[in-house]
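[1] Sharing a model that was predicted from the sequence below.
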Amino acid sequence: MSNTTTPLELGAAGFVANYLKEKGISPSCASRDLEVNQSTVKRLVEGAALTTSMAVKLFTAYKISPKKLFDLESKRLTAETKALLAENA
């Protein structure tokens, strides 16, 4: 990956990070809303893999569509794979 991150490369993590920032939701508030440790929120917004249980928590707390999140993850992973294939071609 290059030093410049595109929205596609952000995937679900970037979407969630932007959502929380736009809504003014701090990591501590998000951890309370999602019923997880603050470190879990930090890992998620820094790019940790989205899990089905986290997708459910995000929907329950913020009505963020799990389909949207997993579509973003799929696009990010596809772009990452294509970039790796291009490097190895």
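    Sure thing, it's come through. Numbers count the residues shown, from 1 in each chain.
[2] okay, and for this structure, where does confidence drop off?
    Within the chain, the stretches with pLDDT under 70 are 1-9.
[3] And the longest helix belonging to it, what's buried?
    Secondary structure of the chain per DSSP state H: the longest helix is helix 66-87. The neighbour-count check on helix 66-87 (16 or more other C-beta atoms under 10 Å) flags 66, 69, 72, 73, 75, 76 as buried. To be clear about C-beta, it is placed using only N, CA and C from the backbone, and glycine gets the same treatment.
[4] Looking at these, spot the one nearest residue 56.
    residue 66 (6.9 Å; C-beta to C-beta).
[5] isn't that closest one right up against residue 54?
    No: between residue 66 and residue 54 there is no contact under C-beta atoms under 8 Å: 9.3 Å.
[6] Tell me how many other residues surround the residue nearest to residue 62 when sequence neighbours are not counted.
    Once flanking residues are discounted, residue 62 sits nearest to residue 19: 6.9 Å by C-beta to C-beta, 6 or more residues apart in numbering. Counted with other C-beta atoms under 10 Å, the neighbours of residue 19 add up to 15.
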